[in-house]
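In: make a model of this:
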Amino acid sequence: MSKGPKFYGKVPVGPKGQIVIPAEARKVMNIKPGDKVIIMSGPPHQKRSIHIIPEEEFNKFLEFFEKHVQNMKKFVSEKKKNSH
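Out: Okay, the predicted model is just below:
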């Protein structure tokens with residue numbers, strides 16, 4: 001499997017701003033009809049870049065991130081208690 005970005009093709013933006021995610025990309029990302037996706041901008045230096053992330057994957061990331069933030073807060077709090 002490729003480690004870098006993959007090019008899935010070029011799609012037009014319709015008059016209502018709609019795009020069609022190419023079939024190969026939907027298959028690889030397991031995006032099915034009715035699924036919701038998260039649309040995010042790319043890094044600040046790529047102002048016109050967007051990322052499409054299946055909602056389920058984004059939620060997994062948020063859960064992972066929240067868990068680690070809680071662990072970091074607990075660690076910092078314990079360090080403060082022990083330094084006084």
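In: what about the strands in this protein?
Out: 37-41, 50-54 (DSSP state E).
In: pull the number of nearby residues for the residue lying closest to Arg48 once chain neighbours are set aside.
Out: Nearest non-adjacent residue to Arg48, counting by CB to CB, 6 or more residues apart in numbering: Gly42, 7.9 Å away. For every residue, glycine as well, the C-beta is placed using N, CA and C. When neighbours are defined as other CB atoms under 10 Å, Gly42 has 11 of them.
In: kindly report the same for Ile31.
Out: When neighbours are defined as other CB under 10 Å, Ile31 has 20 of them.
In: nearest residue to it in space, please, no chain neighbours.
Out: Nearest to Ile31 is Pro54, by CB to CB, 6+ apart, at 5.6 Å.
In: for stretch 45-56, which residues meet the burial criterion?
Out: Pro54 (16 or more other CB atoms under 10 Å).
In: distance from it to the middle of the chain?
Out: In terms of CA atoms, centre = their mean, to the nearest Å, the centre of stretch 45-56 is found 7 Å from the chain centre.
In: between the two ends of that stretch, how far is it?
Out: End-to-end span of stretch 45-56 (CA to CA, to the nearest Å): 27 Å.
In: so for that stretch, mean pLDDT?
Out: Mean pLDDT, stretch 45-56: 87.
In: stretch 20-33 now?
Out: Mean predicted lDDT for stretch 20-33 stands at 94.
In: quick check: end-to-end length of it?
Out: Per CA to CA, stretch 20-33 runs 11 Å from first to last residue.
In: ok, residues contacting it?
Out: 6, 8-9, 11, 37, 52, 54, 57 (CB atoms under 8 Å, 6 or more residues apart in numbering).
In: try 7 Å
Out: Identification of contacts with stretch 20-33 by CB atoms under 7 Å, 6 or more residues apart in numbering yields 8-9, 11, 37, 52, 54.
In: identify the farthest-apart pair in the residues you listed.
Out: Across those, the longest distance by CB to CB is 18.4 Å; it joins Gly9 and Pro54.
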